[in-house]
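Trainee: Structure of the sequence below:
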Amino acid sequence: MTEARELLDLARRRKAMIATAESCTGGLIAGAITDVPGSSDIFDRGFVTYSNAAKRQMLGVREATLAAHGAVSEEVAREMAEGALRHSEADLAVSVTGIAGPGGSEHKPEGRVCFGLARRGGPTRTETVEFGPLGRARVRAASVDHALGLLIAALRD
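Mentor: Below is the predicted model of the structure:
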């Protein structure tokens with residue numbers, strides 16, 4: 001069973017709606033979910049917030065957070081996930097922001113991706129995964145898989 005199919009089945013059983021807030025994946029997480037027939041039962045909406053302006057305007061990410069930590073940070077991932085919940089009918093939201101490549105810097109290398117997972121009525125979790133310089137397509141694909149795994153794990157709790 002694919003991760004997206006498993007997510008659909010679990011979310012249906014829990015009667016949970018899902019939202020996504022994506023930067024470096026550019027909508028690929030939402031795409032993976034909506035590739036599964038019947039996903040309208042559990043998928044509310046996706047926010048593609050590639051620019052900092054979009055993060056601020058669509059999700060309410062604070063300028064101060066962006067200035068202090070940069071877009072690729074757990075702090076921004078937290079605000080993205082929480083903003084997706086605030087601006088949707090979802091019970092659970094996942095966010096992703098990172099450096100897919102090519103490029104990066106000494107402090108924010110290629111393959112660094114920060115994730116947020118917000119649950120209505122519960123604490124928000126964040127984490128950073130260092131996928132390494134796998135190349136843009138592979139970092140994005142790994143980020144999608146990881147985000148789906150986070151949603152599945154949250155629904156199993």
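Trainee: hey, where'd the helices end up in this protein?
Mentor: Remark: helices assigned in the chain by DSSP state H are 3-14, 28-34, 52-59, 63-69, 74-86, 136-156.
Trainee: which residues does the spatially most central residue of the chain bridge with?
Mentor: By CA atoms, centre = their mean, the chain has its centre lying nearest to S95, at 2.2 Å. Bridge pairing for S95 (DSSP bridges) gives the partners A21, G116.
Trainee: Tell me how many other residues crowd the closest residue to R119 other than its chain neighbours.
Mentor: With sequence-adjacent residues excluded and distances taken as CB to CB, 6 or more residues apart in numbering, R119 is closest to L92, at 5.4 Å. The way it works is simple: take the backbone N, C-alpha and C, and place the C-beta from them, glycine included. Neighbour count of L92, defined by other CB atoms under 10 Å: 26.
Trainee: Over to E3?
Mentor: With other CB under 10 Å as criterion, E3 counts 18.
Trainee: Also V129?
Mentor: 16.
Trainee: about what we covered before: looking at the helices of the chain, spot the one closest to P123.
Mentor: helix 74-86 (10.2 Å; CB to CB).
Trainee: which parts of that closest one are buried?
Mentor: Judged by neighbour count (16 or more other CB atoms under 10 Å), helix 74-86 contains these buried residues: E74, E75, V76, A77, R78, E79, M80, A81, E82, G83, A84, L85.
Trainee: How about stretch 49-63?
Mentor: T49, N52, K55, R56, M58, L59, V61.
Trainee: Assess the claim that the residue nearest to the centre of the chain and E75 are in contact.
Mentor: No - under the criterion of CB atoms under 8 Å, S95 is not in contact with E75, lying 11.3 Å apart.
Trainee: Let me know whether the residue nearest to R119 touches R156 as I believe.
Mentor: No - assessed by CB under 8 Å, L92 is found out of contact with R156, at 11.8 Å.
Trainee: Give me the phi and psi for the residue sitting furthest away from the middle of the chain.
Mentor: Using CA atoms, centre = their mean, the residue of the chain lying farthest from its centre is E106. It sits 23.8 Å away. Backbone geometry at E106, expressed as degrees, to the nearest 10, gives phi -60, psi -40.
Trainee: For it, give me its contacts.
Mentor: Contacts for E106 were tallied using CB atoms under 8 Å, 6 or more residues apart in numbering; there are none.
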